[in-house]
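Chemist: what would the 3D arrangement of this be:
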Amino acid sequence: MKKLAVIALGGNALLRGNQSGTISEQESNTYETCSYLVELIKKKYNIVITHGNGPQVGNILLRNEAGYDNYKIPKMPLDICVADSQGGIGYMIQQQLTNVLNKLHIKKNILTLITEVVVDKNDPAFQNPTKPIGKYFLKEEAELLSRANNWEFREDPRKRGWRRVVPSPKPMQIMNTEIIKQLVSKGNIIVAVGGGGIPVMWKQPDFLEGIDAVIDKDLASARLAIDIGADEFYILTDIPKVCINFQKPNQKSLDKLTVRQARKYLKTGEFAAGSMGPKIEAGIQFTNATKRTTIITEASELSKPDAGTKIIYS
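Modeler: This is a model prediction of the structure:
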C-alpha cells in the first residue's frame, strides 16, 4: 500500500516577500517548489497538495478597490476572491508540477478541486481578525489604507512590515472529501483546500452561503488530512525547523516535539498567531487525532531523512 501525504505549501512557495508578484516570479517559485515535492513522489507516495493564498488574495482585494475607484466595477466579497485565488494558484501548481514530472518522465494526472469549507457564522474570529493577507506595508502606508478602507492592520511578528488582517474562523467541514480520497487513491495528484478553502456557512439547514473570511490553510489542511486518512502531514514554510526563542540570542531549533510539548510551547506564547502558531496548532490537531507524524520544514529539506521538526504523538 502506498502512503498518503497531505502537503501544505506556504505562501512563500509561490511568492517571496521581497518580490513584486509578477507571473514569471510566481511560476518560477512554483516550479522550484514542485521540484522538491518530487522527492515524495519518487518514494511512491500518493499526495494531496494544499496551499496558502495570503499574498495573492491580498492583491486581488487591492485590484477590487482599484477597479471600483477608477471604473466602478462592483467589488467582489472575500469568499469570491478566495475562489479566484484557488483557480489561479491551482492552475500554476498543475502546470509547473506537470513540467517537473515531464522532465523526469513521470506520468501523473494532476487535478485542482475548487474546495468549499464550512465555518460557524458565530465563530469568535469574526470579532477578532488575525489572519494576515496581502503585501507588507510601512506603518504610515498601513494607517492611510486603514482610514481609507476601514481595514485593520497588524505588525508582522518578524518585523517585516504591516499587513492587513481579516477574520480566520476554524474549519468545521471540508466539502467533497470522499471524492478527494477516491481520486488520490487511484494515484492522481490532487490540489485542494486552496487558501484554506472558500469559507461558507449553512444559512439554513439546506442552503450554503459564502462569508467574508480567510480560513487558515494549515488548520484546513489538517482537517482534510484527518478526514482522508493521511499517513503523514507536511507543513512547508520558509525555515528548515521550528524554533523556540525565535530571533533571540538563545534561539533553538527543534528536531522533535510531542503533542504535549507543542501544546505547552503554544500556551506560553512561543509561536505567534498568524505565523508559526497556526502551523503548530494544525500539527497538534492532526497528530493527536491520528497518532501519526506531522513534519514542519522548508521544501528544499524534503530529500533529507532528518528533515524538519516532527510532531509525534508521544
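Chemist: could you use CA atoms for every contact and neighbour count after this?
Modeler: OK.
Chemist: break down the stretch 101-250 of the chain into its helices, ranges please.
Modeler: Using DSSP state H, counting those that start in this stretch, the helices found in the stretch 101-250 of the chain span residues 139-149, 177-185, 217-227.
Chemist: in terms of mean pLDDT, which of those ranks lowest?
Modeler: Comparing mean pLDDT over those, the weakest stretch is helix 139-149, at a mean of 93.
Chemist: per-residue pLDDT, residue 274?
Modeler: Each residue has a pLDDT score; the one for residue 274 is 66.
Chemist: what's the helix or strand for residue 33?
Modeler: With elements taken from DSSP states H and E, the one containing residue 33 is helix 23-42.
Chemist: buried stuff in that helix?
Modeler: 26-41 (16 or more other C-alpha atoms under 10 Å).
Chemist: now, which of the residues you listed sits nearest residue 314?
Modeler: residue 40 (24.8 Å; C-alpha to C-alpha).
Chemist: spit out the contact partners of the closest one.
Modeler: By C-alpha atoms under 8 Å, 6 or more residues apart in numbering, the residues touching residue 40 are residue 302.
Chemist: next SSE after the helix holding residue 33?
Modeler: Of the helices and strands lying after helix 23-42 in sequence (DSSP H and E), the nearest is strand 46-51.
Chemist: chain center to that following strand, what's the gap?
Modeler: Centroid separation for strand 46-51 versus its chain: 11 Å, with C-alpha atoms, centre = their mean, to the nearest Å.
Chemist: report the angle between the helix or strand following that strand and helix 217-227.
Modeler: Reading on from strand 46-51 to the C-terminus, the next helix or strand found by DSSP H and E is helix 54-71. For the pair helix 54-71 and helix 217-227, the angle between their directions (axes from the mean of the first three to the mean of the last three C-alpha atoms, to 10 degrees) equals 120 degrees.
Chemist: so what touches helix 54-71?
Modeler: Here helix 54-71 makes contact (C-alpha under 8 Å, 6+ apart) with 11, 15, 73-76, 78, 81-82, 85, 132-135, 195.
Chemist: for the spatially closest residue to residue 75 that is not a sequence neighbour, grab the count of nearby residues.
Modeler: Taking C-alpha to C-alpha, 6 or more residues apart in numbering as the measure, residue 75 lies nearest to residue 64, with 5.5 Å between them; neighbours along the chain are not counted. The local packing of residue 64 (other C-alpha atoms under 10 Å) involves 18 other residues.
Chemist: that'll do, ta.
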